[in-house]
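Visitor: Predicted coordinates and the sequence they were generated for:
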Amino acid sequence: MASAKRDIRSIIDSFSDDLILIAQDIARERVQRAVAEWQAKNEKVLAKKSRQDEKAQRLEEKARKNQLALERIERVAEKRRAREEQKAAERALRLEQRLISDAEKPERKPRGRKSGGLLSEAAAKKEPTPPPLFVHKRRRDGEIQQLKRGDDEASLTAAATASSNGANSNGAPAPSPPVAAAVPGEQLRLGL
């Protein structure tokens, strides 16, 4: 009898194990079917959510790239500022050294060529000539007279007589020059 009870118990245990496996398979199938039905119903929602997730991921990636680029730009700008400050400091140091060295050096006479050359002593001592006047005076008869600098009265009177001897552009004889033409120094002072 004990062996019969043992056999019955082993049969019941194997049967219960089989029932448990069958129940697990059925439950798994029903869960998979329910998930498939839910996915079919909510496919659009899931697709939208996956698109949003992808978009969020792309935005995060883009923001990270932008941040890295901004940091790179800031590093380059910082390096450039540092280089410029260093160059400015070097320039200031060189200028200071030059000023110190110039202050320490005795003044030397400028060296020139002993003879000849463009800046010889005779050319250096010569007074510079005044620039030419580019002022013109129109006479009453319509002729234009160029004013000249200096007391060169003879050349002015010669120019005045030459212009008075000739005819004006109309062919009519020119009238005699005014009295003021004989005194060029006075013309220049009066601004005529």
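Guide: Received the coordinates, thanks.

Visitor: Helix or strand next in line after the helix or strand where S14 lies, which one?
Guide: The secondary structure element spanning S14 is helix 2-41 (assigned by DSSP states H and E). Next in sequence after helix 2-41, counting helices and strands by DSSP H and E, comes helix 43-104.

Visitor: pLDDT weak spots in the protein?
Guide: In the predicted model of the chain, residues 106-126, 128, 130-136, 146-192 satisfy pLDDT under 70.

Visitor: can I see the domain layout of it?
Guide: For the chain, automatic domain parsing gives the domain ranges 52-103, 132-168+175-190.

Visitor: how close does S50 get to E43?
Guide: When Cβ to Cβ, to the nearest Å is applied, the distance between S50 and E43 equals 10 Å. Any C-beta I mention is one placed from the backbone N, CA and C, and that applies to glycine too.

Visitor: I misspoke; the intended subject was R9.
Guide: Going from R9 to E43 by Cβ to Cβ gives 50 Å.

Visitor: Helix, strand, or coil at T129?
Guide: Here T129 is recorded as coil under DSSP: H, G, I helix; E, B strand; the rest coil.

Visitor: which ones are touching it?
Guide: Applying Cβ atoms under 8 Å, 6 or more residues apart in numbering to T129 gives no contacts.
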